[in-house]
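In: sequence first, predicted model second:
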Amino acid sequence: MIAFWVLAPIMVVAALGILFVRKAVHAALLLAVVMVSLAVLYLALEAPFLFAVQIIVYTGAILMLFLFVLMLVGVDASDSLVETIRGQRVLAALGGLVLGLVLVIGVAQMSLGAVTGLEVANQDGNIEGLANILFSRYVFAFEVTSALLITAAMGAMVLAHRERLTPKPTQATIAADKVKAYAERGQHLGPLPPPGVFARHNAVDTPALLPDGTPAEVSVSRVLAARGVVRQPPRDVEEHERQQREQQLERGDER
Amino acid sequence: MTEYIVLSAILFTIGAVGVLTRRNALVVFMCVELMLNACNLALVTFAKQHGNLDGQIAAFFVMVVAAAEVVVGLAIIMTIFRTRRSASVDDASLLKY
């Protein structure tokens, strides 16, 4: 019972968090909290097999699948707050409140009577007890499950498959394209210059300097350029070195 | 045992509200999972209440179905994302017109 009263508030708060967090990754982590707490509750409810399955299948497999897809779709994708149907959010919250009140009041009014407990059913061990029922009374459902799983696997493969519309570029065609670009636009044949070459600094955000002292734009990643964090080699770097020299002088004075 | 059922009802309600309000298809899917988990909690609670393991078997089957559903559902979300560059449920509205 202690486990329940400790975990129930955590679960409700985490579940409410799923409703309000903006980022999908945070929602996934909160869902993990709910699922692990639920696994512990299964242990308290004398279901050790479901405890293991809950952690392995739900928290381990399903949630990791969610995170994989989140990484593919883009972690930054957050909800838009624009309502497409007017008043839908308010109505949904109201409907949810009514549903919750009806369920909770209804459940609170019924009396379940004395708890039978699973001591008798679990006397040969929980897993043995489950296996006895699963492979006798529910054996047909168990067999049908295999059909369901193979259908799901096939469905996922068909949906994830993408036909290649253009032929794959080979090494020869890539080389031919490079030479063509050189002939037409004078683009350099060799690899791009790495950052920091001939510069005063070799950090990735410091562009290489050309022989005339101007920075080479192609030597830094386009991502850094888009974020606007590229340094201007002569000015910024000299400023940085001057500051370091001053700091060293100050330290020397203290000594 | 009633308090377990109440907790299960609360979690189910939160999941239902999440499905109705959230716009990101992945979060909607997570809320569906939350509802399934809430049902599982009720099933396991009733198994203990009545002293037989049928409820636990039912919860086990729910987990199997949920796993299969997640695989196909996430594949569909990925396919929609590849064609429409969006994971929002509002953008998949072609059937409306």
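Out: Thanks, I have the structure now. Keep in mind the model is a prediction, meaning the values are calculated, not measured.
In: need the pLDDT of A:R200.
Out: A:R200 is assigned a pLDDT of 64 by the prediction.
In: next one: B:V62
Out: The score at B:V62 is 93. That number is its pLDDT.
In: my read: it touches B:L36, true?
Out: Yes: in this structure, B:V62 is within contact of B:L36 by CB atoms under 8 Å, at 5.9 Å. All C-beta spots, glycine's among them, are computed from the backbone N, C-alpha and C.
In: ok, now which ones touch the residue in the stretch 101-250 of chain A that chain B sits nearest to?
Out: Proximity of the stretch 101-250 of chain A to chain B (CB to the nearest CB) peaks at A:T116, 3.0 Å away. A:T116 makes contacts with B:K48, B:Q49, B:H50, B:G51, as judged by CB atoms under 8 Å, 6 or more residues apart in numbering or on different chains.
In: one step back: the more surrounded of B:V62 and B:L36?
Out: B:L36 (20 against 15; other CB atoms under 10 Å in any protein chain shown).
In: thinking that one is in contact with B:V64, fair?
Out: No: at 11.1 Å, B:L36 and B:V64 do not qualify as touching, with contact defined as CB under 8 Å.
In: from A:H26, how far off is B:V89?
Out: 19 Å (CB to CB, to the nearest Å).
In: same question, B:L20
Out: 20 Å.
In: now do the helices in chain B.
Out: With DSSP state H as the criterion, chain B has helices at B:2-21, B:25-50, B:54-84.
In: the stretch 101-250 of chain A: helices as residue ranges?
Out: A:126-134, A:139-160, A:171-185, A:222-227, A:233-254 (DSSP state H, counting those that start in this stretch).
In: which outside residues touch the third one?
Out: Here helix A:171-185 makes contact (CB under 8 Å, 6+ apart) with A:P169, A:Q187, A:H188, A:L189.
In: could you export the helices of chain B as CSV, including distance to chain A?
Out: As requested, the helices of chain B are exported to CSV (distance: least, CB to the nearest CB, whole Å):
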stretch, distance to chain A
helix B:2-21, 3
helix B:25-50, 5
helix B:54-84, 4
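In: looking at these, which is closest to A:V73?
Out: Closest to A:V73 of the helices of chain B, according to CB to CB: helix B:54-84, at 5.2 Å.
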